[in-house]
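In: below are the sequence and a predicted model; questions follow.
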Amino acid sequence: MTTVKQRGIPLSSLNPKFLHTNSTSHTWPFGAIAELVDNAYDPDVRAKQFWIDWTRIKGLDCLSFMDNGAGMNRAKLHKMLSFGFSDKKAVKDHVPVGIYGNGFKSGSMRLGKDAIVFTKTRNSMSIGLLSQSYLQAIKAQQIMVPMVTFRRDEQNQVEDAASFAVILAYSLFSTEKELFSELRAVSAVGPTGTRIIIWNLRTTTSGETEFDFDTDKYDIQIRANASEKTSESRATIPESRYSLRAYCSILYLKPRMQINIRGQRVKTQLISKSLAHIANDNYRPSFLNKRIRITFGFNTKSREHHGIMMYHKNRLIKAYERVSCQRKTERKGVGVIGVIECNFLQPTHNKQDFDDTDKYRKTMHNLSIKLEEYWNEIRYKRKKEDPKCTVPIEDTVKVPDQVWVQCDSCLKWRRLPDGFDCSRLPEKWFCNMNHDPQFRSCMVEEELEDQEEEQRSYPKPFKRQKRNSKSLQEENVPEGLETSSPISPLPTRQPKNTVLRQQNHSGWSTNSGNSLSALSPTTNACLETSSSLAQRSPLPLINLTAHSDTLKRMKRKCSSSGEISTAEGIISSAPLPNAPPQGAGTSVHAKFSPVIKKEENELKKVKSIERNTNSDEQMRKMESQIIESFEAYQEPVEEDEEEWHDTEKSITTETSYHSTPEGIAESDCKQDWEAEAHNAEEELWGLKHEQDELMEMMREAVEERDACREELEVLRDHCSALEDERSQLLNRQEEEKEEKARLSTLCDQLKCELEKLKKETDGRGREDIAVGEERRKLKNLRFKVGHLLVSFIPALNLQQVDFNSEVIDKLLDQVLEEVRVTQLKAA
């Protein structure tokens, strides 16, 4: 093999065996066919129709693919037959699927060993051959692609003669006439287009082709293996796995091209609109700054076919991919289909899977969570609507929530009335048949879909209820299971200054033993309530003035009832926490056991304790303590509403102080305190509820703002597209004006020439009339002379004489000559 060099450096070569090696990336034959469909769909071709058919040529099974797209010139055809050349670009909202420049080679060589391409543009027609049989026959060491181009100006390349001879020798078409008949087949579907024929199709071990062309004459199916021979076993497999017609119907998320298989149109569908009980959810990955729309719904055809339909740039990559919750033994998500467009993931080489990256794994994990949420929500909603229903929702008969149909002319999608029977649709449907007069013309743009109109997720009452129930369970944990620490651990989002404030509270409890002893059980309960409130998750903005007024009212009522003086005797006579009183329940002081142990050591040293403590001073301390606890949390954070119901629990734990007569006397005051604490809690609840409403309104406003921004971007893009179209139309209008002026000038010139021709024709007509009159007179004269000559020449037969010729003139000359001679002789 000769080494080819460029700038003195050897170039890499490509052995013909690579054609087969490259094709092995397609383990599924429909994936190879999809590569050829993508080439016609991409914006550089933008075909409106695509035909797939089976035929037999010279006894061989062949697959043919044809489109009415833009076609290819010689340079583009050579790039398509080469490796790695892809310069496809997006046109408006039409993003190309192909990115590697390898789809035709891998796809065609996966289906068969040989392929020939016929392509036609407005200026040329080209033929290209990619044949493993040819390369094996000549024992080639590099891949060669014979090409022939026929130009309209007949400036064909001389070197095409060798390629033309190879194509005739190694293709299915051995004559030039047969080749041109295939090119005429392209012209039959449009002025431009491409036709591909693949033969020597791959066969199974039994010698049959891997495709079944006999079961359905309007479909191409994959032959069933031994485990799929029965109809029951095939019923568990999605139809798109073995039927090309079913696969092509869902190949694109929003189809823009009409596909025909074996002479019959494929009824493409908007997969996200053909489901029942549709709900839209959002997924916002941590590695993206935007939300991804996920559509969930139930399959209306078979409950066994469920999973995630994963698209990339409008192209189906993975179909019916079951997530973890659908694979478990609980069988969650039966019949549920999710639809997502994963443009943020990278597809594999064969476009049948995604690269197994961290992004992909996170996406699949979150899809499983979202699908399980939908499953729970839909079952909860059904049970709430009909509690007596025992039939699972996956076993019920379902119809699609919406009905959409594609126009056969403009290929736009139109929405039909809900509940419309699709069986009533004709074979061909056009926009002028639409029930909605607003969209009864092909010139009208498509109706906005739900994902373009509404960006918010569906409501999730089951999830909210489950979260609320969990919060209540956490709040209702028995007191014996709680920690004995006087201060609960800091929450994760607690402000830093709360630590210092809690240390101050602990020091106050330890060093001021008289203050702790002087407070009544009800006061301790209130302090415990405030401490528990301060130790919970961060609180929202709270009106401290309202709580201060409430505490002042509590202080005045407490001072008026003489509670402090009564409590002194109770505290002094009450046993310490390490020796609980008999018959008493759990004491409220159980939470302060470490602090009270320290106080016990101090009380042994102190002989007298100041008993005349001013109640106003202690209430001010309690008030300042509660207010300081609240001030640390004056940040607007989002928490569940149920977390505010646990203040009542702290107060109700006090059960051990009514065993003495003093406790009985104090019960009335305690009830007043509890009423005041309950009022304070209700005020807290009202403020929290108001703030939650404000936060919800704020979230809705933010979502509406984001939706408006996205809609604004769409409108801007639409406006820019309209502006470009407007400029194009203006340019076209200017060109048409120039063309009109040119044609007008040419018309005036033609009119002048026509007038001249008319004048010349009139003059010639008059001349012709004069000439005809003279000829008629001359003919009459000759006729008379002929009769005169009969007297001189009796043998003259006038019936055989043409008076339009000069025969009479010549006879007259002869007679006159004879008379003149006779006269001369007589003289």
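Out: Okay, I see it.
In: identify the residue nearest the spatially most central residue of the chain in space, chain neighbours excluded?
Out: Most central in the chain under CA atoms, centre = their mean is E341, positioned 4.0 Å from the mean C-alpha point. Closest residue to E341 apart from its sequence neighbours, by CB to CB, 6 or more residues apart in numbering: Y311 at 4.6 Å. Every residue, glycine included, has its C-beta placed from N, CA and C.
In: partner strands of the host helix or strand of that neighbour, parallel or antiparallel?
Out: Taking DSSP states H and E as the definition, Y311 sits inside strand 307-312. Using DSSP bridges, the strands paired with strand 307-312 are strand 315-321 (antiparallel), strand 336-341 (parallel).
In: quick one: distance of the longest one to the chain centre.
Out: A distance of 12 Å separates the centroid of the chain from that of strand 315-321, by CA atoms, centre = their mean, to the nearest Å.
In: now the last one
Out: How far strand 336-341 lies from its chain's middle: 10 Å, per CA atoms, centre = their mean.
In: before we move on, the earlier item: send the alpha carbons of the strand holding Y311 over as PDB?
Out: Output of strand 307-312 as PDB, limited to C-alpha atoms (Å, rounded to 0.1, in the frame of the first residue of the first chain):
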ATOM      1  CA  GLY A 307     -41.500   3.700  31.200                       C
ATOM      2  CA  ILE A 308     -39.700   6.900  30.200                       C
ATOM      3  CA  MET A 309     -39.600   8.100  26.600                       C
ATOM      4  CA  MET A 310     -36.300  10.000  26.400                       C
ATOM      5  CA  TYR A 311     -35.700  12.400  23.500                       C
ATOM      6  CA  HIS A 312     -32.700  14.400  22.400                       C
END
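In: where does the protein have low pLDDT?
Out: 1-6, 153-156, 158, 226-233, 449-455, 475-672 (pLDDT under 70).
In: max-length helix in the protein?
Out: helix 661-790 (DSSP state H).
In: could I get the full set of helices for the stretch 1-150 of the chain?
Out: Using DSSP state H, counting those that start in this stretch, the helices of the stretch 1-150 of the chain run over 17-23, 29-41, 74-81, 103-111, 132-137.
In: what number of residues lie near K76?
Out: 18 (other CB atoms under 10 Å).
In: I meant to write S457 there.
Out: S457, neighbours per other CB under 10 Å, totals 17.
In: ok, so what distance separates it from H306?
Out: Note on S457: its distance to H306, by CB to CB, to the nearest Å, is 21 Å.
In: also I278?
Out: In terms of CB to CB, I278 sits 15 Å off from H306.
In: those two: which is more packed in?
Out: Set I278 next to H306 and count neighbours by other CB under 10 Å: H306 wins out with 22 against 19.
In: tell me which of the helices of the stretch 1-150 of the chain sits nearest to D386.
Out: When the helices of the stretch 1-150 of the chain are compared by CB to CB, helix 29-41 sits nearest D386, at 41.5 Å.
In: could I have the closest one exported to CSV, CA atoms only?
Out: Output of helix 29-41 as CSV, limited to C-alpha atoms (Å, rounded to 0.1, in the frame of the first residue of the first chain):
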residue,chain,number,x,y,z
PRO,A,29,-31.6,-2.8,12.8
PHE,A,30,-34.3,-0.1,13.3
GLY,A,31,-31.6,2.2,14.8
ALA,A,32,-29.7,1.9,11.5
ILE,A,33,-32.9,2.8,9.5
ALA,A,34,-33.4,5.8,11.9
GLU,A,35,-30.0,7.2,10.8
LEU,A,36,-31.2,7.4,7.2
VAL,A,37,-34.5,9.0,8.3
ASP,A,38,-32.5,11.6,10.3
ASN,A,39,-30.5,12.6,7.2
ALA,A,40,-33.7,13.4,5.4
TYR,A,41,-35.2,15.2,8.5
